[in-house]
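S.K.: next input, structure requested:
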Amino acid sequence: MSDPQPLTPEEQLADAKALLSLPRIVVICGSTRFMAEMTEADLRETVAGRIVVKPGCDMKAPHALWSDPVEAEALKVRLDDLHRAKIRLADEVLVVGDYIGDSTRAEIAYARSLGRPVRFTHPEVDPKA
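M.R.: Residues are numbered from 1 along each chain as shown. This next block holds a predicted model:
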């Protein structure tokens, strides 16, 4: 009899979620030009009983935290890494908006590479469609 293979980190996370009886976790992706639509999607997903994670700030809106261009570029890299971590944590992805830019397209590809289901508020913008 061979030793069982150790669980992958993804399998360990799935097991932990099941043990904790966590609801499905949805990560919202999309251009920050759709922040209002993301808030509406957050509301609808929450009412449907899902845990929602989404972008936490809109760097296109002026703010002291990203007023310095050099600091803003470093922050964008950190926020992109953080959003990929949200995708790894989530059970599924909801893409909001009727436009897919390069960043969102990369997030969709990343989610699909991990086997995460991807839903769209506007299915016609699905890069696979």
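S.K.: who's in contact with the residue nearest the centre of the chain?
M.R.: The residue lying closest to the centre of the chain (C-alpha atoms, centre = their mean) is Val27, at 3.6 Å. Val27 makes contact with 52-54, 83, 86-87, 89-90, 92-94, 111, according to C-beta atoms under 8 Å, 6 or more residues apart in numbering. C-beta coordinates here come from the backbone N, C-alpha and C atoms, glycine included.
S.K.: buried subset of those residues?
M.R.: 52-54, 83, 86-87, 90, 92-94, 111 (16 or more other C-beta atoms under 10 Å).
S.K.: so how far is the one helix or strand in the chain whose mean pLDDT sits lowest off the chain centroid?
M.R.: Ranked by mean pLDDT, DSSP states H and E, the helix or strand of the chain with the weakest confidence is helix 9-19, at a mean of 89. Computed by C-alpha atoms, centre = their mean, to the nearest Å, the chain-centroid distance of helix 9-19 equals 18 Å.
S.K.: what's the following helix or strand after that helix?
M.R.: Once helix 9-19 ends, the next helix or strand along the chain (criterion: DSSP states H and E) is strand 25-29.
S.K.: measure how far that next one is from the centre of its chain, please.
M.R.: The answer for strand 25-29 is 4 Å, by C-alpha atoms, centre = their mean.
S.K.: use 40 as the first number for this chain going forward.
M.R.: OK, 40 is where the count begins now, so the last one is strand 64-68.
S.K.: hey, C-alpha coordinates of that strand in PDB?
M.R.: Extracted C-alpha coordinates of strand 64-68, given in PDB (Å, rounded to 0.1, in the frame of the first residue of the first chain):
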ATOM      1  CA  ILE A  64     -16.800  33.200  -2.000                       C
ATOM      2  CA  VAL A  65     -17.200  35.400  -5.100                       C
ATOM      3  CA  VAL A  66     -14.500  37.800  -6.200                       C
ATOM      4  CA  ILE A  67     -15.600  40.700  -8.300                       C
ATOM      5  CA  CYS A  68     -13.400  41.700 -11.200                       C
END
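S.K.: cool, thanks, signing off.
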